[in-house]
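A.B. asks: no letters, just coordinates:
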Ligand SMILES: Nc1ncnc2c1ncn2[C@@H]1O[C@H](COP(=O)(O)OP(=O)(O)OP(=O)(O)O)[C@@H](O)[C@H]1O
């Protein structure tokens, strides 16, 4: 993220006191971070000052409808501004990075909406959540591939010269079987099949019944019909992981299949963009984000995905941004030190580490602003 010419740019002075909002909107939760617009040059590679971080519920329009999604987005942005002791008049730029925004018409509607929320000359950017997730792992540089596995899943890649490709991310009906929803739906299906005598017995039956506080698999039908929202189903993934960790074969097979699906999405994107070079051996960053990929010690889904991908592309350099949830601290710093060879992430123990898609979104807004101001100044 180096190269910020604080003081060189007339815009830097204009942004003094201004803030940037980065929003990561997901199906389970929505996170908004507030960063100072006139950021000083980082003291260490990849350090970013974060003024506040607010969390709200679902903002995926495909899950809760457009009005509810926009209400959540407004609420989380206003909360982040209040927590940073500022208000909407200080906003210089906003980047909304929201799952479920796929088509240019979705983007345009969001842009029209957000323009009315903030007075003055603030700049607005709307991206699919994969773009900011990639930026969060590469400190704002859009190059490489990102794999998101939360409620949904998507693999998205960008080349140095700006070509993009994606795989999956089309929703559970269209085959996102490596997603949280996909894993949980397979587990529920396995329980019903075992109950019917159409499939092998599995401890998932006992574990899911206990988790949902119902008394028999028959009640699953009513439970599923009562509210089939993707996030509610997807919330069962930890049950599947712990059944697999305890040696349940059915749960293990479900997770292995999901790993395969996720790895195949990445391989497809990397191949289409030749991110691994002509001989398939070049290094490329792969950012892994989302609840499903956040480390379980025994059954490490992201570790297994990386193993599968590295069999095809040995040059894959995995980046797993780490998130600290200490939201009560008003001003803290983020340190990410990427070593180019291993692209291993380290963080100082003295500091909170918080590198996540919402920060990626804010960094995108920040770098768009910087570019636009350079263009205006003819530099
Ligand atoms: N320890 C865990 N191991 C595996 N999966 C987990 C774990 N904890 C939570 N999950 C799963 O992570 C998913 C939620 O992740 P996340 O919050 O990243 O998604 P989201 O923002 O709702 O999704 P999307 O990005 O698709 O909108 C759920 O499916 C949840 O069950």
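C.D. replies: Great, that's in hand. On a predicted model such as this, the values are computed, not experimentally measured, just so you know.
A.B. asks: helices of the protein, residue ranges please.
C.D. replies: 10-14, 61-64, 66-83, 104-115, 129-137, 180-196, 203-212, 218-226, 230-234, 237-245, 249-273, 301-312, 357-376 (DSSP state H).
A.B. asks: now the shortest one: average pLDDT?
C.D. replies: Average pLDDT, helix 61-64: 81.
A.B. asks: what residues does that helix touch?
C.D. replies: Here helix 61-64 makes contact (CB atoms under 8 Å, 6 or more residues apart in numbering) with 27, 58, 69, 72, 98, 100-101, 106, 151, 171, 229-231. The C-beta positions use only the backbone N, C-alpha and C, and glycine is treated the same way.
A.B. asks: re earlier: most packed of the helices of the chain?
C.D. replies: helix 129-137 (a mean of 29; mean count of other CB atoms under 10 Å).
A.B. asks: in contact with whichever residue of the stretch 201-350 of the chain sits closest to the ligand, which residues?
C.D. replies: Across the stretch 201-350 of the chain, no residue is closer to the ligand than residue 291, which sits at 2.2 Å (CB to the nearest ligand atom). Residues near residue 291 by CB under 8 Å, 6+ apart: 28, 149-151, 180, 237.
A.B. asks: hmm, 10 Å instead?
C.D. replies: For residue 291, the contact set (CB atoms under 10 Å, 6 or more residues apart in numbering) comprises 26, 28-29, 148-151, 180, 234-235, 237-238, 301.
A.B. asks: which ones are touching residue 171?
C.D. replies: Residue 171 makes contact with 62-63, 100, 102, 152-153, 179, 181, 230 under the criterion CB under 10 Å, 6+ apart.
A.B. asks: got TSV for those, with distance to residue 78 too?
C.D. replies: Formatted as TSV, these follow (distance: CB to CB, whole Å):
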residue	distance to residue 78
62	24
63	22
100	21
102	26
152	26
153	30
179	30
181	30
230	26
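A.B. asks: which one of those sits closest to the ligand?
C.D. replies: residue 152 (3.4 Å).
A.B. asks: quick check on the residue nearest to that closest one when sequence neighbours are not counted: phi, psi?
C.D. replies: What sits nearest to residue 152 in space, not counting adjacent residues and going by CB to CB, 6 or more residues apart in numbering, is residue 179, at 4.8 Å. Torsion angles at residue 179 (phi, psi; degrees, to the nearest 10) stand at phi -80, psi 170.
A.B. asks: any chance of the contacts of helix 61-64 in TSV, plus pLDDT and distance to the ligand?
C.D. replies: Shown next, in TSV, are those (pLDDT from 0 to 100; distance: CB to the nearest ligand atom, whole Å):
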residue	pLDDT	distance to the ligand
27	84	3
58	90	7
69	91	11
72	95	12
98	88	9
100	76	7
101	79	11
106	84	14
151	91	4
171	78	10
229	84	11
230	87	8
231	88	5
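A.B. asks: for the nearest residue to residue 129 once chain neighbours are set aside, what are its contacts?
C.D. replies: Excluding the flanking residues, the one nearest residue 129 by CB to CB, 6+ apart is residue 99, at 4.4 Å. Residue 99 sits next to 24-28, 30, 58-63, 69, 128-130, 133, 148, 150-152, 154, 169, 290, 357 when contact means CB under 10 Å, 6+ apart.
A.B. asks: and for residue 26?
C.D. replies: Contacts of residue 26 by CB under 10 Å, 6+ apart are 57-60, 63, 97-100, 129, 148, 150-152, 231, 290-291, 357-358.
A.B. asks: and the gap between it and residue 252?
C.D. replies: 27 Å (CB to CB, to the nearest Å).
A.B. asks: near the ligand, which residues of the stretch 101-250 of the chain? Just list them.
C.D. replies: Residues of the stretch 101-250 of the chain found near the ligand (CB under 6 Å from any ligand atom) are 129, 148, 150-152, 180, 231, 234-235, 237-238, 241.
A.B. asks: would you turn those into CSV with distance to residue 313?
C.D. replies: Converted to CSV, those look like this (distance: CB to CB, whole Å):
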residue, distance to residue 313
129, 24
148, 19
150, 24
151, 27
152, 24
180, 25
231, 32
234, 28
235, 32
237, 26
238, 30
241, 26
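A.B. asks: what is the nearest of these to residue 284?
C.D. replies: residue 148 (16.8 Å; CB to CB).
A.B. asks: ok, of the residues of the stretch 101-250 of the chain next to the ligand, which one's closest to residue 268?
C.D. replies: residue 148 (14.8 Å).
A.B. asks: who does residue 49 form a beta bridge with?
C.D. replies: Residues in a beta bridge with residue 49, per DSSP bridges, are residue 333.
A.B. asks: flag the least confident of the residues of the stretch 101-250 of the chain next to the ligand.
C.D. replies: residue 129 (83).
A.B. asks: surely that residue is in contact with residue 25?
C.D. replies: Yes. Counting by CB atoms under 10 Å, residue 129 touches residue 25, with 6.7 Å between them.
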